[in-house]
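Student: Compute the structure for the input listed below.
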Amino acid sequence: MSLAQRTGAVMGTDRLPSPPPWARVFAGLVAVAAFAAWCVVSHPARAEPPEDRCTEDAMLVFDASGSMAGTDWGKGFAPRIARVKEALEIVLPRVTPVRNVGLIVYGPGPYNKCDNIELRLQPQRHSSQRIMRDISALVPAGRTPLTTAVRHAADVLVYRERPAVIVLLTDGEETCGGAPCQLARLLKSQAKDLTIHVIGYAPRGAGDAVWKSRCMAEETAGLYVSVETTEELIDALQKTLACPLVSMRDEGQAASDTGDLNPSSSAR
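Tutor: Below you'll find the predicted structure:
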């Protein structure tokens, strides 16, 4: 080797052989993997919001006894049942797309009978129109076997095996000899996870009327709400029948509309 050649070798002027094609491909893959890892660390993926659905089936236990034909609730001459329909027409379309809701009706029929309890609809999704169709056809009559109606609702909901919610609507007391407090304690002791909410219609001017059925809510960690107006009933139905996510979203919207930054908490 000449002196010039030796000098070139020392100075690094000799060209190194090109890497084989597979080496270039491997190097590219390593670079891509490193970039992806950097993206994950530097820009973590946004957590998906929880699915806007309820896990507990709900049963609406609806009072269609004779007193629901009364006109002493709210303004004008519309009977109580008409005002309840008005409230349900607003609330149910919000609730039933995300929760299975069913309907039990008690009251219609001969006044002197206490077995006028009927399952109109098993809990199911998108049941708003079906429920409203059944309620719109009701003619209030009969007595108030609300304790037996709640027991029937619990059985339909398979309360021993599944979490369940019952929303009892009533404008008066039990009139068929039932013991609502005793039943609530029994159901609670046997249930997997049962919540009973009670909405009591109070005639305007009755003040803070409290029905004995309030204990059903107290025994099962539910809500008891006494209402006098359609607006109060809408709010009560929203808090008791709706899913927490639905209630929170609607209350948040109401808060933004009114400037209230601390909407009240909602029921399970």
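Student: just the strands in the stretch 1-150 of the chain please.
Tutor: Taking DSSP state E, counting those that start in this stretch as the test, the strands found in the stretch 1-150 of the chain are 57-63, 101-106, 117-124.
Student: ranking the ones you listed by burial, who's on top?
Tutor: Counting by mean count of other Cβ atoms under 10 Å, strand 57-63 has the highest mean neighbour count of the strands of the stretch 1-150 of the chain, with a mean of 26. Where you see a C-beta, it was placed from the backbone N, CA and C, and this is true even at glycine.
Student: Against which helices or strands is that strand packed?
Tutor: strand 101-106, strand 117-124, helix 146-156, strand 163-170 (3 or more Cβ pairs under 8 Å, 6 or more residues apart in numbering; DSSP states H and E).
Student: that older thread, now the strands of the stretch 1-150 of the chain in JSON lines, with mean pLDDT and distance to Leu168?
Tutor: JSON lines is the format used below for the strands of the stretch 1-150 of the chain (pLDDT from 0 to 100; distance: least, Cβ to Cβ, whole Å):
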{"stretch": "strand 57-63", "mean pLDDT": "96", "distance to Leu168": "5"}
{"stretch": "strand 101-106", "mean pLDDT": "97", "distance to Leu168": "10"}
{"stretch": "strand 117-124", "mean pLDDT": "96", "distance to Leu168": "12"}
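Student: of all these, which lies closest to Ile199?
Tutor: When these are compared by Cβ to Cβ, strand 57-63 sits nearest Ile199, at 9.4 Å.
Student: just to revisit the earlier point, closest one to Ala202 among the strands of the stretch 1-150 of the chain?
Tutor: strand 57-63 (13.0 Å).
Student: and that closest one with strand 117-124, angle?
Tutor: Angle of strand 57-63 versus strand 117-124, following axes from the mean of the first three to the mean of the last three Cα atoms, to 10 degrees, is 150 degrees.
Student: what lines up beside strand 57-63 in the sheet?
Tutor: Sheet pairing of strand 57-63 (DSSP bridges) gives strand 101-106 (parallel), strand 163-170 (parallel).
Student: and Gln129, which of those strands is closest to it?
Tutor: The minimum distance between Gln129 and these falls on strand 101-106, with 11.7 Å, by Cβ to Cβ.
Student: Glu232 and Tyr201: what is the separation?
Tutor: 10 Å (Cβ to Cβ, to the nearest Å).
Student: Repeat that for Leu88.
Tutor: Leu88 is 13 Å from Tyr201, by Cβ to Cβ.
Student: Counting neighbours, go ahead and name the busier of the two.
Tutor: Tyr201 (27 against 23; other Cβ atoms under 10 Å).
Student: wait, isn't that one in contact with Leu169?
Tutor: Yes: with contact defined as Cβ atoms under 8 Å, Tyr201 reaches Leu169; the gap is 7.4 Å.
Student: Overlap in contacts, those two.
Tutor: Residues touching both Tyr201 and Leu169 (Cβ atoms under 8 Å, 6 or more residues apart in numbering): 63, 84.
Student: Check which residues of stretch 222-235 are buried.
Tutor: 222-228, 230, 232-235 (16 or more other Cβ atoms under 10 Å).
Student: of those, closest to Ser127?
Tutor: Ile234 (18.3 Å).
Student: can you list the helices and strands packed on strand 57-63 in JSON lines and add distance to Gln190?
Tutor: Output for the helices and strands packed on strand 57-63, formatted as JSON lines (distance: least, Cβ to Cβ, whole Å):
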{"stretch": "strand 101-106", "distance to Gln190": "19"}
{"stretch": "strand 117-124", "distance to Gln190": "19"}
{"stretch": "helix 146-156", "distance to Gln190": "9"}
{"stretch": "strand 163-170", "distance to Gln190": "12"}
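Student: and Thr240, which of the strands of the stretch 1-150 of the chain is closest to it?
Tutor: strand 57-63 (8.8 Å).
Student: ok, back up a step: out of the buried residues of stretch 222-235, which two sit at the greatest distance?
Tutor: Gly222 and Thr230 (22.1 Å).
Student: burial count for Cys243?
Tutor: There are 22 residues near Cys243, going by other Cβ under 10 Å.
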